[in-house]
Structure formats: C-alpha cells, structure tokens
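*Asks:* Take this sequence and fold it.
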Amino acid sequence: MSIATSPLLEIESETLVSVEVDADWKLDAACRGQIELFFARKAERPQARQRREAKAKKLCDACPVSVECRMTARENREYGFWAGESEEDRHLLGFRVTAPIGLRARLADAEKRQSCSA
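*Replies:* The predicted structure follows:
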C-alpha cells in the first residue's frame, strides 16, 4: 500500500478540512473578543446574569454565524451563552448539558416550596 492511498491519511486530511471549516465561522462572529458577555463570572448573581445575557443576546441576534454557533454549542454540550441560548435553554430544548447553571437551583427551590406547602 502506498502512502498516497493510505486510508489513515485520507481520514486525517478529512479531519483537517473539517477543523478548518469549523474554525472559519468563528472569524465572522459578532461576539469575537467579547468573551466576558458569554460566560458567567465566579459567583455571578442572577440579576447580573440576566443583564449580561441580555447584552449577549443583542449581539447574537445580529450575528451572521448564529446557526453555526448554535449547532456547535448543542453538539458539543457547551457551557455559556451561544447563539442566543444559555446552557439551560439548550437543556430545556432537549440537548444534553452536563449541569445547566441555574436549573438545579430552581428545581431545588421548587421542591422546597412543595415540601413547605404540603
């Protein structure tokens, strides 16, 4: 088997092309260089999160690559705010997220309220 026809090399070249295509959309992202809007700071309060995500959503709404961004976040179970969706939003839409921020806290609060009213 010659090197030129090696199946391993074909797979590697397909992977490289895929990585290049995946990286290309990020160059056109409206959020480029504004990472602080898309990921929560340590011990971020709920009101601060709402304000931060509202600003991020404005950028996402006008972004030319929001479809690619959304697909990436959903397929890779990303944290943070991607294409107008938080990890909690993606979880509620049926996409797997390891531990959506905010959801567990709200579920625990709801359980407490139910046990107190019972």
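
*Asks:* Which residues are in contact with residue 36?
*Replies:* residue 52 (Cβ atoms under 8 Å, 6 or more residues apart in numbering). Where C-beta positions appear, they are placed from N, C-alpha and C, glycine not excepted.

*Asks:* Quick one, grab the pLDDT at residue 36.
*Replies:* With respect to pLDDT, residue 36 has a value of 91.

*Asks:* C-terminal to the worst-scoring helix or strand of the chain on mean pLDDT, what's the next element?
*Replies:* None of the helices or strands of the chain scores lower by mean pLDDT, DSSP states H and E than helix 7-27, at a mean of 56. Counting by DSSP states H and E, the next helix or strand C-terminal to helix 7-27 is helix 46-61.

*Asks:* list the buried ones in the first helix or strand past that following helix going along the chain?
*Replies:* Sequence-wise, the next helix or strand downstream of helix 46-61 (DSSP H and E) is helix 66-76. By neighbour count on 16 or more other Cβ atoms under 10 Å, the buried set for helix 66-76 is 66, 68-70, 72-74.
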